[in-house]
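Visitor: predicted model and sequence follow; I will ask about them next.
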Amino acid sequence: VLSKADSALPSLGPGPSSKSPHAFHGSKRRPVAVAFSEEAVAKYSKIFKMPVVLCGTMKDDNTWYDISDPSDSRGVKKELPEEVLGCLSEKDKACFELVRNLYQDKKPGWLWDEDDNGDEVEGKLAKEHKEKHGISDEDALLRDIKKRLRAKFMKIDGVPVEEAHGGLWAAADTHYPILLLEPEDVCAKPEEGRYSTPATRFMAMFSQEQTGAAFAAVAVFFDKDFESMTSNAWLALAVHELSESVNSANIFATYDEAEQVAKFFKTKHESEAVSLTLSRQCSPLPRLQFFTMKTALGKELEDHEILVPTLTVGSEVAGMPLEKFNATSPWKPFFLPAKDLKPLTERLLAGADGADATVIMPGKLLGKLFQAAVAHFKDDPDSDEGNVFVRLFGDKYKGWDPSNEGPLINMKDLQEEITQWFDAGFDERKKPL
């Protein structure tokens, strides 16, 4: 999204402005704000001026109707509940027979083979079976069967999936989530045995159910200030989990910035998919998905700190100084150059009346946040407690395995990945701006 028409590349033409006649990433999906306590629902309903739905445990047993064979990803269970069998057509059952003979039992005559020319051909019995029952693509039919069973039997927090969370999971794919996380929402209960919260289970389900580049979610971490965030030892584990979620963007914000966050999702065009635009336009790599509002958690931005172009929802771009961006030469990554090789540092989506909010990626600030979060888990020479979870969170967590260092390694890698992009594109032989 190019913010100023007069600095756009000729091949791209003028960029959209606040008077744009249509949405940039038009979508029939709408935002659904999700909170994890009754208090948060009440608070953010007032701030966002939109319904906020309550998320429960996300622990319903949704496996009993699953037809997939756990020992073979392409197979189908040999025995299925009567409730499931009662929902299947004769064509569905014929598809199951085909899949079992092909992938599980590997029966002669059903498997793919080579003809006299060495070309791979479908097995004779499999081909006859598909023609008899009108099956053109067994994989597509299996996906359709699973979708039908999911719509009929799946529940979330005791509510049918088609109705849960304001219709977020409906088959029509009409919504995208904004997760509103309080500090306590990133804390896991000791009985989980590992790091797992309703929010991480929500995102895991979203990644599984809403696959593809057309889907994106946003999680917003709220706290009093930067210092409060860095004092929360749970944050390292939460960031690890969310950095592994596909097609997501994560925003850190203070309570004072909550109004800005709300305005960021108030677009001029109802069909604008803000989460998709943020993910596609400002997240150049899968794990570079962490942002703040332009006020940067109340901290002063350093020069050359912002790693990617900003995204504003409003009537005009934020007008942030060029020296705040890591765009010190035309060869720096993530910034398109204009006709004069000046970097295009700001992007704009048309906002509703009164909307004016900007999201940025302050790499140095994020690096400090992640470094402080990981520091909680370093060995403490003054403590005799060998289990870091017990040391940080109490005796109730003595059942957790302290040897699992995967999340901390991932957080360290994430911090280093952000840092390396500050030096990328530097060449003293190339003239800086």
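Guide: Cool, got the structure.
Visitor: please identify the residue most distant from the middle of the chain.
Guide: With distances taken from the mean C-alpha point of the chain and given as C-alpha atoms, centre = their mean, the most distant residue is residue 116, at 48.8 Å.
Visitor: quick check: it vs residue 122, distance?
Guide: 15 Å (C-beta to C-beta, to the nearest Å). Any C-beta I mention is one placed from the backbone N, CA and C, and that applies to glycine too.
Visitor: in the protein, where's the longest helix?
Guide: Ranked by number of residues, the top helix in the chain under DSSP state H is helix 406-423.
Visitor: what residues does that helix touch?
Guide: Applying C-beta atoms under 8 Å, 6 or more residues apart in numbering, the contact partners of helix 406-423 are 195, 236-237, 239-241, 243-244, 285, 287-288, 304, 307, 326, 333-334, 363-364, 366-367, 370-371, 373-374, 377.
Visitor: narrow those to those in helices?
Guide: Using DSSP H, the members of these that fall within helices are 236-237, 239-241, 243, 363-364, 366-367, 370-371, 373-374.
Visitor: give me the lowest-pLDDT entry from those.
Guide: pLDDT across the ones in helices among the contacts of helix 406-423 is lowest for residue 243, at 74.
Visitor: show the contacting residues for it.
Guide: The contact partners of residue 243, taken as C-beta under 8 Å, 6+ apart, are 250, 287, 289, 290, 410, 414.
Visitor: which residue ranges form the helices in the stretch 101-250 of the chain?
Guide: With DSSP state H, counting those that start in this stretch as the criterion, the stretch 101-250 of the chain has helices at 124-133, 138-153, 198-209, 226-230, 234-243.
Visitor: quick check on the contacts of residue 243: which are buried?
Guide: Buried by 16 or more other C-beta atoms under 10 Å: 250, 289, 290, 410, 414, out of the contacts of residue 243.
Visitor: tell me the two of the residues you listed that are most distant?
Guide: Greatest spatial distance in those: 250 and 410, 14.2 Å, computed using C-beta to C-beta.
Visitor: give me the contact list for stretch 152-166.
Guide: Residues lying outside stretch 152-166 but in contact with it, judged by C-beta under 8 Å, 6+ apart, are 32, 34, 51, 53, 55-58, 60, 62, 64-65, 83-84, 87, 150-151, 169-171, 175, 177, 205.
Visitor: so among those, which ones count as buried?
Guide: Using 16+ other C-beta under 10 Å as the burial test, the contacts of stretch 152-166 include 32, 34, 53, 55, 58, 65, 84, 150, 169, 175, 177, 205 as buried.
Visitor: can you lay out those as a markdown table showing pLDDT and distance to residue 133?
Guide: Below are the buried ones among the contacts of stretch 152-166 laid out as a markdown table (pLDDT from 0 to 100; distance: C-beta to C-beta, whole Å):
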| residue | pLDDT | distance to residue 133 |
| --- | --- | --- |
| 32 | 91 | 40 |
| 34 | 96 | 42 |
| 53 | 95 | 42 |
| 55 | 96 | 42 |
| 58 | 94 | 38 |
| 65 | 94 | 23 |
| 84 | 96 | 19 |
| 150 | 89 | 23 |
| 169 | 84 | 31 |
| 175 | 79 | 36 |
| 177 | 91 | 39 |
| 205 | 86 | 33 |
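Visitor: please flag which of the residues you listed sit within strands.
Guide: Secondary structure from DSSP state E places 32, 34, 53, 175, 177 of these in strands.
Visitor: save these as TSV, and put in distance to residue 300 too.
Guide: TSV is the format used below for these (distance: C-beta to C-beta, whole Å):
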residue	distance to residue 300
32	35
34	32
53	36
175	37
177	32
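Visitor: residue ranges with poor pLDDT in the stretch 251-400 of the chain?
Guide: Using pLDDT under 70 as the threshold, the predicted model of the stretch 251-400 of the chain has low-confidence ranges 384.
Visitor: mind redoing it with 90?
Guide: Within the stretch 251-400 of the chain, the stretches falling below the threshold (pLDDT under 90) are 269-273, 275-277, 279-281, 283-288, 327-333, 335-343, 354, 373-374, 377-387.
Visitor: so where do the strands sit in it?
Guide: Remark: strands of the stretch 251-400 of the chain, listed N- to C-terminal, are 290-293, 310-314, 346-350, 357-360; assignment by DSSP state E, counting those that start in this stretch.
Visitor: how far does the second one sit from its chain's centre?
Guide: I take that to be strand 310-314. Here the centre of mass of C-alpha atoms in strand 310-314, compared against the chain's by C-alpha atoms, centre = their mean, to the nearest Å, lies 20 Å away.
Visitor: CA atoms only for it, dumped as CSV, please.
Guide: Once non-C-alpha atoms are left out, strand 310-314 reads as follows in CSV (Å, rounded to 0.1, in the frame of the first residue of the first chain):
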residue,chain,number,x,y,z
THR,A,310,4.3,1.6,9.2
LEU,A,311,0.7,0.9,8.6
THR,A,312,-1.9,3.6,9.5
VAL,A,313,-5.7,3.3,9.6
GLY,A,314,-6.9,6.8,9.2
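Visitor: mind starting the numbering at 11 from now?
Guide: OK, 11 is where the count begins now, so the last one is strand 320-324.
Visitor: tilt between the longest helix of the chain and helix 373-385?
Guide: 160 degrees (axes from the mean of the first three to the mean of the last three C-alpha atoms, to 10 degrees).
Visitor: buried residues of helix 416-433, list them for me.
Guide: By neighbour count, with 16+ other C-beta under 10 Å as the criterion, the buried positions of helix 416-433 are 417, 418, 420, 421, 424, 425, 428, 431, 432.
Visitor: with distance to residue 201 and pLDDT added, can I get the residues you listed in a markdown table?
Guide: Compiled in a markdown table, these are given as follows (distance: C-beta to C-beta, whole Å; pLDDT from 0 to 100):
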| residue | distance to residue 201 | pLDDT |
| --- | --- | --- |
| 417 | 19 | 77 |
| 418 | 22 | 78 |
| 420 | 24 | 81 |
| 421 | 24 | 81 |
| 424 | 28 | 85 |
| 425 | 31 | 83 |
| 428 | 34 | 87 |
| 431 | 40 | 87 |
| 432 | 42 | 83 |
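Visitor: for these, which one is nearest residue 196?
Guide: Proximity of the buried residues of helix 416-433 to residue 196 was ranked by C-beta to C-beta; the top entry is residue 417 with 12.5 Å.
Visitor: measure that closest one to residue 401 for me?
Guide: Using C-beta to C-beta, we find residue 417 at a distance of 16 Å from residue 401.
Visitor: over to residue 314?
Guide: Computed with C-beta to C-beta, the distance linking residue 314 and residue 401 is 38 Å.
Visitor: burial of residue 101, as a residue count?
Guide: Using other C-beta atoms under 10 Å, residue 101 has 12 other residues around it.
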